[in-house]
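Asks: Generate coordinates for the sequence data below:
(4 chains)
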Number of protein chains: 2
Amino acid sequence: MNGLTIHEAAPITGWSPRMLRYIERVGLVEPARTAAGYRLYGPEQLQRLRTLRELLAQHGFGLAELGFALRLRDEPELRAAVDQWLDAVPERPAEVSPDDWLRWEQEKHQALLAAVNLREMEIA
Amino acid sequence: MNGLTIHEAAPITGWSPRMLRYIERVGLVEPARTAAGYRLYGPEQLQRLRTLRELLAQHGFGLAELGFALRLRDEPELRAAVDQWLDAVPERPAEVSPDDWLRWEQEKHQALLAAVNLREMEIA
DNA sequence: CCAACCTTACCAAAAGATTGTCAAGGTTGG
DNA sequence: CCAACCTTGACAATCTTTTGGTAAGGTTGG
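Replies: From the prediction side, this is the model:
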């Protein structure tokens, strides 16, 4: 039996047994298992669980956010989509010429009508 | 008046005025302002708001998660802390020698006692 | 074999995120 | 100046996430 059971690991790490299972389901800190399926927390896992407490406490975020950060590094497609959206047009809207703005103003009413049409299409 | 007001931008983007303010508070899509403080949505913001709809719908996550991804790129300290935690010991716990495991087993009882002491210190 | 563990799977309370609505007040175009 | 916008802020309904508990059943050490 090379590791601590969930009820032994709980008081050491500061998490409840319930939360240790939850943390595992989110994908952070996955302990080894015995042949029968019992969780076994080794030194690495215990250390990780302790630092996890500090990490969440010091910067103000939760398990969901950290789980999302994990997804971002595990799923390249997701990472790419998010990065692409975040990278888009962060610059000042100053490079638009007066002509463009004029055209924009003229198309404003048109755009509103288009939106109404879109709404109707969604309803139908 | 180079841009759409919040009630004009709403039907075009598919978000409600309330949500446009919420999206701004999360840090995604911040429109320009008039001297009096009125929000002005330009072509970039409108495009961003439309793609935001798709992004959230296609991959299953919400504004909070995307807001956290934004924080990760805006706050280097946060990024470093999260990366450091996620990078830690992802390898199999197979490199531990039997001697180490023996020592670990012997220290197990000791660790539990230490945990109890810690608990008492927190209470006091 | 039995007491004391462990497992998964639910139900539900507490907390947080999302969304609407309303109130009090400032801005603007005619 | 007035109607029709806009602003921020607060309260609240709703939905999801977080957390605890409990039930039904398998595992283990003595």
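
Asks: ok, the helix or strand in which residue A:11 is found near chain B or not?
Replies: Per DSSP states H and E: residue A:11 is located in helix A:6-13. Yes. Counting by CB under 8 Å from any CB of the partner chain, chain B is contacted by helix A:6-13 at A:8, A:11, A:12. All C-beta atoms are positioned from the backbone trio N, CA, C, and that covers glycine.

Asks: State the distance from the first one to DNA strand D.
Replies: When CB to the nearest atom of the strand, to the nearest Å is applied, the distance between residue A:8 and DNA strand D equals 13 Å.

Asks: before we move on, what about residue A:40?
Replies: In terms of CB to the nearest atom of the strand, residue A:40 sits 11 Å off from DNA strand D.

Asks: residues near the closest residue to that residue other than its chain neighbours, how many?
Replies: Take residue A:40 and drop its neighbours on the chain: the residue closest to it by CB to CB, 6 or more residues apart in numbering or on different chains is residue A:3, 3.2 Å away. Using other CB atoms under 10 Å in any protein chain shown, residue A:3 is surrounded by 24 other residues.

Asks: just residue A:13 next, same as before
Replies: 24.

Asks: For it, which non-adjacent residue is closest in space?
Replies: Going by CB to CB, 6+ apart, residue A:13 has residue A:49 as its nearest residue, at 3.8 Å.

Asks: ok, the one you found - contacts?
Replies: A:9, A:13, A:14, A:15, A:20, A:23, A:29, A:41 (CB atoms under 8 Å, 6 or more residues apart in numbering or on different chains).

Asks: Enumerate the positions of stretch A:68-80 that are buried.
Replies: A:68, A:69, A:70, A:71, A:72, A:78 (16 or more other CB atoms under 10 Å in any protein chain shown).

Asks: Closest one of the residues you listed to DNA strand C?
Replies: Nearest to DNA strand C, judged by CB to the nearest atom of the strand, of these is residue A:68 at 11.0 Å.

Asks: Surely residue A:85 is in a strand?
Replies: No. Per DSSP: H, G, I helix; E, B strand; the rest coil, residue A:85 lies outside any strand segment and is helix.
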